[in-house]
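Q: Okay, sequence plus prediction incoming.
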Amino acid sequence: MANFEFLESLAIEIKENRTKLYDVEDSLSGVNVQLHEIPLKRTTESTFAKMIGIGYNDKIAELEKAKEQLERTMADLKTSISKDTDTFISEVSSPHLIIPLEEHPVIIDGKTIYKYRGGAKFKNLFEILCEILGRSSPLVVKDVMLSPTEITIAVKDEFEAKQKFINSFNEVQNTLLIKKK
């Protein structure tokens, strides 16, 4: 059964793997630059080393090995990010998703506000969700504002607020299902 706590941890993992991927891409770029420069400098460097009586250390083999390892790591990270993103979309789209809202809302200024149980916050979940949907946070769908700290519905009647929330969240889920295809 899908729940927000699992989705938050999955979103954190996606973000961490993206950071690792950027680092690996930077390292690979550096290795590629070195691999490009060595053949251009090899003759001069090896002749100079011979002239001063030291051995020339040709790093091509070492760099090729590092490049292969970085490319494997990059492919693994891309696969992991893609798999985790697919899982994230599937879980958010699940009809069995559990959203840990307090049972009783607070009504302030004509708006119904549901807080997450235990004061929970789902910052990473909403960052990834908004990114996938191509929207900014907080996510606003038909008079319903979905945010990392609360759900705010632009009506004061609790029953109507529940209906609007259900409809809005169903729209988010349907949009995700369309994006997944």
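A: Cool, got the structure.

Q: Residue 181: neighbour count?
A: Using other C-beta atoms under 10 Å, residue 181 has 4 other residues around it. For every residue, glycine as well, the C-beta is placed using N, CA and C.

Q: Residue 129 now?
A: For residue 129, the count of nearby residues is 22 (other C-beta under 10 Å).

Q: Hmm, residue 139 and it touching each other?
A: Yes. The criterion here is C-beta atoms under 8 Å, and residue 129 meets it with residue 139 at 6.8 Å.

Q: can you list residues touching both of those two?
A: Residues touching both residue 129 and residue 139 (C-beta atoms under 8 Å, 6 or more residues apart in numbering) are residue 172.

Q: now the strands: where do they sit in this structure?
A: Ranges of strands in the chain, per DSSP state E, are 106-108, 111-115, 139-141, 144-146, 150-153.

Q: For residue 36, which of these is the nearest?
A: Among the strands of the chain, the nearest to residue 36 by C-beta to C-beta is strand 139-141 (44.7 Å).

Q: Of all the strands of the chain, which one comes closest to residue 20?
A: Checking the strands of the chain against residue 20 by C-beta to C-beta gives strand 139-141 as the closest, at 26.9 Å.

Q: Show me the shaky parts of the protein.
A: 1, 39-40, 42, 46-47, 49-50, 56 (pLDDT under 70).

Q: Quick check: buried residues in stretch 173-180?
A: 173, 175, 176 (16 or more other C-beta atoms under 10 Å).

Q: Could you export that stretch as PDB, CA atoms only?
A: Extracted in PDB, the C-alpha atoms of stretch 173-180 (Å, rounded to 0.1, in the frame of the first residue of the first chain):
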ATOM      1  CA  GLN A 173      -3.200  11.100 -10.500                       C
ATOM      2  CA  ASN A 174      -4.700  11.000 -14.000                       C
ATOM      3  CA  THR A 175      -2.200  13.500 -15.200                       C
ATOM      4  CA  LEU A 176       0.600  11.300 -13.900                       C
ATOM      5  CA  LEU A 177      -0.800   8.200 -15.500                       C
ATOM      6  CA  ILE A 178      -0.900  10.100 -18.800                       C
ATOM      7  CA  LYS A 179       2.700  11.300 -18.400                       C
ATOM      8  CA  LYS A 180       3.800   7.700 -17.500                       C
END
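
Q: Give the buried residues for stretch 3-14.
A: Buried, per 16+ other C-beta under 10 Å, within stretch 3-14: 4, 6, 7, 8, 10, 11, 13, 14.

Q: OK, contacts around the third one?
A: Going by C-beta under 8 Å, 6+ apart, residue 7 touches 88, 91, 92, 122, 125.

Q: In helices only, show me the residues you listed.
A: 88, 91, 92, 125 (DSSP state H).
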